[in-house]
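One predicted model, sequence on top.
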Amino acid sequence: MSAITIETVHVKERPILCIRHIGPYQGIGLAFTTLEDELAQLGIKGEAMLALYHDNPAETSQASLRSDAAAQVSENHHIATQRLTADRIAAGRFARWIHKGPYSGLHTTWQAGYQAMHQLGLQSKGICYEEYLNDPCHTAPEDLMTAIYQQIE
């Protein structure tokens, strides 16, 4: 793995529709399948696909971890349904780094990113999430690109 490059960026508010997943973070795929089905039934195309992580796996049991499969949507489509929750990622200052390759390697990139943040003196606070920059259905695993965001103080 190459060295992690951390950027600090200001992220604008992001309206999202999401499906909650409880359990190991690696199991969020089923929530994405449900999310995509719900969006298709409503005729909504997400502007970006995101995975939000709410708990620290070092402090919370695997069975209790909370995450959301989410799609950023336009304000016109920011509506809750029986299965979709309308939410927002608040605007703020974030550390961002990129993972290239299969999703199975994301855990290592997360850890390396937090180590790099620590070396830069950046303190995490609030939400962290992944943004999938290309479509895994049409992209070879070694070419997948994922942006990782961690809100910072």
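Received, thanks. Residues are numbered from 1 along each chain as shown.

Which residue ranges of this structure form helices?
Residue ranges of the helices in the chain, as given by DSSP state H, are 29-42, 106-120.

so how far is stretch 9-20 off the chain centroid?
Averaging C-alpha positions (C-alpha atoms, centre = their mean, to the nearest Å) puts stretch 9-20 9 Å from its chain's average.

With stretch 89-96 instead?
12 Å.

so where is this structure shaky, pLDDT-wise?
Counting by pLDDT under 70, the chain contains low-confidence residues at 1-2.

can you give me the strands for it?
Counting by DSSP state E, one finds strands in the chain at the ranges 7-11, 14-22, 48-53, 66-72, 85-89, 92-100, 124-132, 145-152.

Point out the most buried one among these.
strand 66-72 (a mean of 22; mean count of other C-beta atoms under 10 Å). Glycine gets a C-beta too; all of them are placed from N, C-alpha and C.

who touches that one?
By C-beta atoms under 8 Å, 6 or more residues apart in numbering, the residues outside strand 66-72 that reach it are 14-22, 25, 28, 31-32, 34-35, 39, 44, 46-55, 85, 87, 129.
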